[in-house]
Structure formats: structure tokens, C-alpha cells
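Visitor: Dropping the sequence and predicted coords here.
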Amino acid sequence: MVGRRDFIALLTGAVVAPRVAWGQASNDKLTVYASIGPRLSLYDADVERATLALRGSVRLPANVQYAWPHASRQYLYVVSSDGGPGQSGTRHRATALKIDPASGALTEHGDSLALPSRPIHVTTDIPSAYLLTAYNNPSSVSVHRIKDDATLGRGVEQTGPLDAGIYAHQIRIAPTNAQAILVTRGNDPEGGRAEDPGALKVFAYKDGRLTSGVSIAPGGGYGFGPRHLDFHPRQPWVYVSRERENKLDVFTNDGTALAPSPRFSTTTLAEPGHLRPRQAAGTVHVHPNGRIVYVANRGNATTEFAGRRVFLGGENSIAVFAIDPITGEPRAIQHADTHGFHPRTFHIDPSGRLLVAAHILPQLVRSGDAVATVPACLSLFRIADDGRLTYVRKYDVEVGSDSMFWMGMVQRS
């Protein structure tokens, strides 16, 4: 049960985002993009003041699943689907959007492409010559050419079948541009069904083709449920969040070969001995300076109270880890409450001074005999020199029957 102090803290400091507030773009040209169902909204971000100003939105063919900017920062690639968790859907698209350099406004750039099933993640290779898309059911990956004008081109036929594991959740290209890693989560045992093992599927990558696949699955992948990874900007370390175990692993990687087992593994939770249902690790991002790594903790289990489903308890936080500069070992230094529920995505601005976390849905919370709604929201934190987070404010977002499924930032060129 949420205590009165926690309940009040969730409700205070919120700023309701206006429906539309048009004006001059901020001087630092940083835009926050956040999706609500098929609508992708854009906000000017002021890093110094830690504020957002809503500027407008565009509508995608279906519910936004993920997005990734072109290396030039002049285009944004968005994958959308009418499917979702437990729903396959029938409409799945990849769309290129042109970013207005002055305002951050988005316009469709070329024709969108039909995709074979619900896409869960998308990225480009390092020069943005190819678009890579991950699908979770069935687990797979596709590659499309990006033309010289940044529009989307034809698919790249792979030389053979790819081992895509079970329930892919992310595809990333190493900074060398010679390696692709498909993160496959697997599934917990449920309803008499055995556990599906997870793995990191590592491929050699060149000119849009994935070859020489190797499966990294400690313990055969059982008790190993990776969700997302991020690369250290300078060292041969890969930081992997394990959703199903609430862990952060560190693997050694030379840009072509990933070690078969992690060199370090630690909990992402402040209270690992007090695990609540539906507690899961999420997105992981290494700070641009390489000294800190951040991981989202998500909890949204509910219980019955007065005929309504209210929050049961759990951690909704950003776990902050200092990185040992010699070994790469992460050491927890903070668990910052995100002041919302289920922070599915968060992002750090390129200067490393501002972190924004997006919460997908509103949540009913109880305090004594009272029940109130904590809306979906965007929470803003200042990042100190030592990497610790200071909560500044949040912007409540009305999502209706949709969800705020993705959020990211682009520093416009």
C-alpha cells in the first residue's frame, strides 16, 4: 500500500501539459518526442530550466512502438503497429519523418513500408545506411536500405535463416558497425508452460547483412531474460538489463565477439529482498561521459480495494550506477523515484545534464480510505556531475485509452 507521504509526493510537482502551445523553439534545439497511441507529440526542451513546452503532434499509421533518429539528426524512423502485448495486430509500418531544423516539427518523408508483424524495436546502423527492425512474436529481425535521400528502400535478403531466439526486444549495432546484437528476452514459466530461455544473439554485420550468428545464453538461457543493452562510449563493455530477473549485467565486447558470460551482475532494485509481482527491469542507458549507467525499474501490480484495482506496491525508479573506470563494474549510488508508474522509456540529453522518463499509463493509488489517479507523465531530472538525479517536475499527460509507449530526444542539427 502506498503511504500518505508517498501518495502526496506522487501528486505534487505535476504540471499538466497544455494541448498545444506554439512558440519559438529553444536555443539549444533539443526536442523531446513522446507517443500516445498513434500520435507522436513534440516538445521543446530547455535543459537549463528543466522544462518542456508542447509544440504539436503528428499521426502515424498505427500505435507507435519505437523510433530512432538518422545519424544526421535530420530524420526520424518510426515503427508502428495495431498490435500490442498479447495482440498480433494486422497493420505494421515503418515510416520516415523529416525533422524541421528550426522547430523539430515532423513531416512524412517518402512512402511508409509494410512490415511482416508487430515491430518492438528499431535502429539504424552507425552511418544510417540501413534500418534494422526487431519483432517479438514471432521473434525475428528485418533490414531495409536507407536511400541517399534518407527515404526507406527495399528489404535486404539475408544469406540464410537467422537464429532470432524467443521474444526479441531490441536490436543494436555496435559502435564498430561490424556487429549486431539481437536481445531476446524469453518468457517466464506461466500456467503450466515451461520457461522459454533468453539469449543475446550476436551476428557479424556488413552492408545490411547478418552472418555468423552466435548465441550468448548463460545457463542455457534459463533464468536469463535480457531486455535492452547499451554500449559504453569508449570501453569494450556492454550493459544489459535483465527484465525477468531485475538484474544489470556487464559483458566484455571487442566489437566483433561478445564474452559468453557476464563479468559482473547486480540487482537493479533498492529492495531486492522485497520483490513484488510484475516488477521488471527496463531500459538501460550509459551516460555520454561513460561514468554512469542508468536502468529503469517498473512496477505496476494491482490489488482489489473498494471494488477498484489499486497499486499493490513496487519500485518505479531510475537506478543509478557509478562505473568503475578500470573494470567496468557498476556500483549502485541511487534509486531515484520517478514520480509515476511504469517508466517504460527514458532518455538523457546529449549534454548529459537532463534525464526525462516517460510513464505509459495512469495508475490508481490508495492512501488510507482515499483513492486517486496518478496520471501518465513525463518526469524531468537534473543530472549532477556525479551522475545522481534530482527530481525537478513532471508533466501530466492525458493518454485516454492509449498509452505513452515511447519517448526519446533528438538534438537537432
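Guide: Great, that's in hand.
Visitor: next one: phi and psi at Glu245?
Guide: phi -110, psi 0 (degrees, to the nearest 10).
Visitor: Make 632 the first number, not 1, from now on.
Guide: OK, 632 is where the count begins now, so the last one is Glu876.
Visitor: which residues does Arg803 contact?
Guide: 754, 811-812, 814, 860-862 (Cβ atoms under 8 Å, 6 or more residues apart in numbering). No exception for glycine: its C-beta is placed from N, CA and C like everyone else's.
Visitor: What residues are bridge-paired with it?
Guide: For Arg803, the beta-bridge partners under DSSP bridges are Ile812.
Visitor: Now do the same for it: its pLDDT.
Guide: Note on Arg803: pLDDT of 98.
Visitor: State the distance from it to Phe834.
Guide: 11 Å (Cβ to Cβ, to the nearest Å).
Visitor: What of Thr898?
Guide: For Thr898, the distance to Phe834 - Cβ to Cβ - is 30 Å.
Visitor: returning to what we had before: could you tell me which residues touch both of Arg803 and Phe834?
Guide: Common neighbours of Arg803 and Phe834 (Cβ under 8 Å, 6+ apart) are 811-812.
Visitor: hmm, back to that, of Thr898 and Phe834, which one has the most company?
Guide: Phe834 (22 against 18; other Cβ atoms under 10 Å).
Visitor: Show the contacting residues for that one.
Guide: 793, 810-813, 841-845.
Visitor: could you dump those residues to TSV with distance to Tyr1026?
Guide: Below are these laid out as TSV (distance: Cβ to Cβ, whole Å):
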residue	distance to Tyr1026
Leu793	41
Gln810	38
Ala811	35
Ile812	34
Leu813	34
Leu841	40
Thr842	45
Ser843	46
Gly844	43
Val845	43
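Visitor: Specify the beta-bridge partners of Glu821.
Guide: Bridge pairing for Glu821 - DSSP bridges - gives Arg824.
Visitor: Against Gly717, how distant is it?
Guide: 12 Å.
Visitor: Also Arg1043?
Guide: 37 Å.
Visitor: and the residue lying farthest from the centre of the chain, what is it in contact with?
Guide: The outermost residue of the chain, judged against the average C-alpha position, is Asp1000 (35.2 Å), by Cα atoms, centre = their mean. Applying Cβ under 8 Å, 6+ apart to Asp1000 gives the contacts Ala937.
Visitor: what's the spacing between it and Val941?
Guide: Distance from Asp1000 to Val941, by Cβ to Cβ: 11 Å.
Visitor: and if you look at Tyr766?
Guide: From Tyr766 over to Val941 (counting by Cβ to Cβ), the distance is 34 Å.
Visitor: So if I had to pick from the two, which one is more boxed in?
Guide: Tyr766 (25 against 18).
Visitor: Now the more buried one: closest residue in space that isn't a chain neighbour?
Guide: Using Cβ to Cβ, 6 or more residues apart in numbering and skipping residues adjacent in sequence, the residue nearest Tyr766 is Ser748, 4.9 Å away.
Visitor: ok, the one you found - contacts?
Guide: Contacts of Ser748 by Cβ under 8 Å, 6+ apart are 714, 719-720, 723, 766, 768-769, 771.
Visitor: Test for you: state the pLDDT assigned to the residue farthest from the centre of the chain.
Guide: pLDDT at Asp1000 comes out at 93.
Visitor: ditto for Asn818
Guide: Value for Asn818, per-residue pLDDT: 96.
Visitor: List the contacts of it.
Guide: 797-798, 824, 826-827, 856.
Visitor: how about 7 Å then?
Guide: 797-798, 826-827 (Cβ atoms under 7 Å, 6 or more residues apart in numbering).
Visitor: wait, which of those residues is closest to Glu679?
Guide: Tyr798 (41.0 Å; Cβ to Cβ).
Visitor: the strands in the stretch 682-831 of the chain, which residues?
Guide: 682-690, 694-700, 706-712, 723-730, 737-739, 744-745, 750-755, 761-767, 770-777, 783-786, 799-804, 810-815, 830-837 (DSSP state E, counting those that start in this stretch).
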